[in-house]
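Asker: sharing a sequence plus its predicted fold:
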Amino acid sequence: MSGDVEVKVGGAGDVHHAERASAMIAAAASEHDIAEREPELLSGKIASGRAVLALRGRELVGFGFFSEWEGGKFVSHSGLVVDPSLRGRGVGRALKMALFEASERMFPEAVTMSLTTSEPVRAMNLSLGFAVVPFEDMTVDPAFWAGCRTCRNYEEVQRAGKQCCCEGMIRPPGGS
Ligand SMILES: CC(C)(COP(=O)(O)OP(=O)(O)OC[C@H]1O[C@@H](n2cnc3c(N)ncnc32)[C@H](O)[C@@H]1OP(=O)(O)O)[C@@H](O)C(=O)NCCC(=O)NCCS
């Protein structure tokens, strides 16, 4: 990974990064299948230790967060993004690992979920023991699936009578 980039789990002192995290996700959402997220949601994730940050000095250059569903039965990894100028240098992998460790520490009994069309994310998930599964194997919580509403493909997916444009992947607690 780029030597001048630090990856860490966020905390209360990092909530000022929420605006830029939201803007980075919004910029990626015009070209990639990733749902947009409001700064308010992201500041809550950062403050509660449910977000990972990649920082170059004081500048946010990467982000990701997790959420629990059905009382901690499931955890989802979402909003993974790296500044376009730094992609392909291992920052996404470092964020994904930090996200994975933080979510597993907080919810060791949870099934971890990921929805993606991204080849890098798919590859990272497979290397971490995730498997491709039907959506039926993922949470039924409608609030999780409501996240799709801010994806660029939402209307097309709705018209086609589908649930989501992504591939569903899960990792059982403690590995495969
Ligand atoms: C997805 C994203 C966060 C990855 O960040 P990144 O810093 O470029 O990722 P890395 O450089 O750490 O590469 C991650 C892995 O993907 C692999 N990879 C990269 N491009 C790939 C491709 N086209 N096909 C398969 N694997 C690929 C890399 O080899 C690496 O694997 P390794 O760690 O085993 O060597 C970044 O591309 C991004 O911000 N994309 C736009 C937003 C998005 O689509 N987010 C995902 C929503 S689910």
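Answerer: Noted; the coordinates are in hand.
Asker: residue 20 in helix, strand or coil?
Answerer: Going by DSSP: H, G, I helix; E, B strand; the rest coil, the secondary structure assigned to residue 20 is helix.
Asker: ok, now which ones touch residue 34?
Answerer: When contacts are counted by C-beta atoms under 8 Å, 6 or more residues apart in numbering, residue 34 touches 25, 28, 79-81, 118, 151. The way it works is simple: take the backbone N, C-alpha and C, and place the C-beta from them, glycine included.
Asker: show me the contact partners of the biggest helix by length in the chain.
Answerer: Selection of the longest helix in the chain by residue count, based on DSSP state H, yields helix 91-106. Contact with helix 91-106 is made by 1-2, 5, 7-9, 49-50, 52, 54, 61-66, 68, 75, 77, 80, 82, 110, 112, 120-121, 124, 128, as judged by C-beta under 8 Å, 6+ apart.
Asker: by contact count, what packs against the longest strand along the chain?
Answerer: The strand spanning the most residues in the chain, taking DSSP state E as the definition, is strand 59-69. Here strand 59-69 touches helix 18-29, helix 39-47, strand 51-56, strand 74-82, helix 91-106, helix 142-145, going by 3 or more C-beta pairs under 8 Å, 6 or more residues apart in numbering; DSSP states H and E.
Asker: of the ones you listed, which is nearest the ligand?
Answerer: Of all these, helix 91-106 sits nearest to the ligand, with 2.1 Å by C-beta to the nearest ligand atom.
Asker: sorry, back to before: got the CA coordinates for the longest helix of the chain in CSV?
Answerer: Backbone C-alpha positions of helix 91-106 (Å, rounded to 0.1, in the frame of the first residue of the first chain) are rendered in CSV as follows:
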residue,chain,number,x,y,z
VAL,A,91,-5.6,0.9,-0.1
GLY,A,92,-8.9,-0.9,-0.8
ARG,A,93,-7.5,-4.2,0.5
ALA,A,94,-6.2,-2.5,3.7
LEU,A,95,-9.7,-0.9,4.2
LYS,A,96,-11.5,-4.1,3.6
MET,A,97,-9.2,-6.0,6.1
ALA,A,98,-9.7,-3.2,8.7
LEU,A,99,-13.5,-3.3,8.1
PHE,A,100,-13.5,-7.0,8.4
GLU,A,101,-11.5,-7.1,11.7
ALA,A,102,-13.6,-4.3,13.2
SER,A,103,-17.0,-5.8,12.3
GLU,A,104,-15.9,-9.3,13.5
ARG,A,105,-14.6,-7.9,16.8
MET,A,106,-18.0,-6.1,17.4
